[in-house]
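[1] for reference, the sequence and a predicted model appear below.
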Amino acid sequence: MANSVSVMSKGSAGKKASERIAEIIFVVCAFAAVAAVASITLYMIISGTPALFQVGLVDILFSSTWNPTGTVPEYGILNVILTSIVGTAAAVLIGVPIGVLTAVFLAETAPKRLASIVRPAVELLAGIPSVVYGLLGLLILNPIMYKLELLIYSGDPSHEFTGGANLLSAVLVLAIMILPTVINISESAIRAVPDHLRSSSLALGATKIQTIFKVVLPAARSGIAAAVVLGVGRAVGEAMAISLVSGSVANFPLPFNSVRFLTTAIVSEMSYSSGLHRQVLFTIGLVLFLFIMIINVVVSRILKKGTEE
């Protein structure tokens, strides 16, 4: 009897020790994640703010002239900021509805045989390197956009032809690139909706389509919102594919203008920049970092309000 009590007490002590070790590991991992975010934030602030004081906040953020190698260097990134905002928003407006509806199709209405074909195709899209998207856009999409550009502006002598490397091409490539993220996460969120909600809606006389749009999608909105956030992050942070199809010129973001995004501005000039020029590129990185943070905060607040309601 005494031996069994001793064994049980030792086993209990061992479990407590293992749980304590697990808790310590979890806390260390949590602090490591927070420290990583804090260090990145601190580094971006330290690297990106000196140019703001040397050039001036207004001259960088609210000037549209970018000429860092001129006799009188100018570092205005307003067009670059507007291009990132407009391009990302347009890509999201195109990609998110297609992605969510595809997720609904796969989770709710698709026959098993068809779903077994579409789902691997979506997963394949997620595994394609971004440079391949850029090459496909360069070889297929840009010539189509150039033909469209010739058709629209054939009699306009003031238009500067881009050869198809323009904002519209970049938006379409970005919209395709965010599809796998939006589809996969949205499908998981839709499948996580309890079946009794569907059954209750159908029992009350709603059709299947009404149930999907009035019950299932509202119940899955937090997961769909997470998919949108990750899709926006993918679009805002993309550089390689966009540099191949956008023309990489700091113009105002019109559909048939060659444009430059925040990411491509950094990638295209970091290799030969130095001094103040390089500091301004770090400032562009800081602006990009702040964009992502603002998007995350806004979506988190929207989700919090939705949960409270």
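    Done, it's in. Numbering: from 1, shown residues only.

[2] okay, CA-based contacts and neighbour counts for the rest of this
    OK.

[3] surely Val173 meets Gly134?
    Yes - at 7.5 Å, Val173 and Gly134 qualify as touching, with contact defined as C-alpha atoms under 8 Å.

[4] give me the common contacts of the two.
    Here Val173 and Gly134 share the contacting residues Ala241, Ile242, scored by C-alpha atoms under 8 Å, 6 or more residues apart in numbering.

[5] can you show me the helices along the stretch 51-200 of the chain?
    57-61, 78-104, 112-127, 130-136, 142-153, 167-191, 195-203 (DSSP state H, counting those that start in this stretch).

[6] which residues sit against the last one?
    For helix 195-203, contacts defined as C-alpha under 8 Å, 6+ apart pick out Lys208, Thr211, Ile212, Val215, Val216.

[7] again, 10 Å this time
    Ala206, Thr207, Lys208, Gln210, Thr211, Ile212, Lys214, Val215, Val216, Ala219 (C-alpha atoms under 10 Å, 6 or more residues apart in numbering).

[8] ok, now the fifth one?
    With C-alpha under 10 Å, 6+ apart as the contact definition, helix 142-153 has outside contacts at 135-138, 154, 156, 159-166, 168-170, 244-246, 255-257.

[9] buried among those residues? Make that a PyMOL selection.
    Of the contacts of helix 142-153, the buried ones can be selected in PyMOL as follows, counting by 16 or more other C-alpha atoms under 10 Å:
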select buried, resi 135+136+137+138+161+162+163+164+165+166+168+169+170+244+245+246+255+256+257
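
[10] report the buried residues of the particular helix or strand that has Ser300 in it.
    Assigned by DSSP states H and E, Ser300 belongs to helix 275-308. The neighbour-count check on helix 275-308 (16+ other C-alpha under 10 Å) flags 276-289, 291, 296, 299-300, 303 as buried.

[11] with stretch 196-208 instead?
    Here stretch 196-208 shows Arg198, Ser201, Ala206 as buried, counting by 16+ other C-alpha under 10 Å.

[12] the contacts of helix 142-153 in strands, which ones?
    Assignment to strands by DSSP state E places none of those there.

[13] for Ser248, see how far away Trp66 is.
    Using C-alpha to C-alpha, to the nearest Å, one gets 12 Å for the distance from Trp66 to Ser248.

[14] what residue ranges in the stretch 201-309 of the chain score low on pLDDT?
    Within the stretch 201-309 of the chain, the stretches with pLDDT under 70 are 302-309.

[15] how about a cut-off of 80?
    295-296, 298-309 (pLDDT under 80).

[16] now do the SS call for the most centrally placed residue in the chain.
    The residue lying closest to the centre of the chain (C-alpha atoms, centre = their mean) is Gly233, at 2.1 Å. Recorded secondary structure, Gly233: helix (DSSP: H, G, I helix; E, B strand; the rest coil).
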